[in-house]
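S.K.: here are the coordinates; sequence isn't available:
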């Protein structure tokens, strides 16, 4: 059974705003549940990057030898060190300009 009643414009605006807020709250809860599901699902496969990395190491050693693996590791270490040093000094420079 449907009940029809006359409402004032203020009451109509209040009901519309309330329904919009309720709808947005429901969407936000659904989105949070979806992200929780994704986190739970992906946490099962967390060892996957480790397995991929170990497989890559084994293949590099098999095809190119330990010496090339060492060169690769050292080049990555040097690259990361240089990049982090550069970024640190850039932040220091911008901090000095701002402060």
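M.R.: Alright, I've got the coordinates. Worth saying up front: this structure is predicted, and the values here are computed from it rather than measured. Numbers count the residues shown, from 1 in each chain.

S.K.: next helix or strand past the helix or strand of the chain with the lowest mean pLDDT?
M.R.: Among the helices and strands of the chain, helix 9-44 carries the lowest confidence by mean pLDDT, DSSP states H and E, at a mean of 84. For helix 9-44, the succeeding helix or strand toward the C-terminus, using DSSP states H and E, is helix 47-64.

S.K.: Which parts of this protein belong to which domain?
M.R.: Taking automatic domain parsing as the criterion, the chain consists of the domains 7-44, 47-99.

S.K.: Could you dump those domains into JSON lines with mean neighbour count added?
M.R.: Using the backbone N, CA and C atoms, a C-beta is placed for each residue, glycine as well. Output for the domains of the chain, formatted as JSON lines (neighbours: other Cβ atoms under 10 Å):
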{"stretch": "domain 7-44", "mean neighbour count": "10"}
{"stretch": "domain 47-99", "mean neighbour count": "10"}
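
S.K.: Which elements pack onto the helix or strand containing residue 90?
M.R.: Residue 90 is part of helix 66-98 when elements are defined by DSSP H and E. Here helix 66-98 touches helix 47-64, going by 3 or more Cβ pairs under 8 Å, 6 or more residues apart in numbering; DSSP states H and E.

S.K.: what does the average pLDDT come to for the helix it packs on?
M.R.: Helix 47-64 shows a mean pLDDT of 87.

S.K.: Need the residues that contact that helix.
M.R.: If you take Cβ atoms under 8 Å, 6 or more residues apart in numbering as the criterion, helix 47-64 is touched by 68, 69, 72.

S.K.: cool, and stretch 12-24?
M.R.: Counting by Cβ under 8 Å, 6+ apart, residue 7 sit against stretch 12-24.
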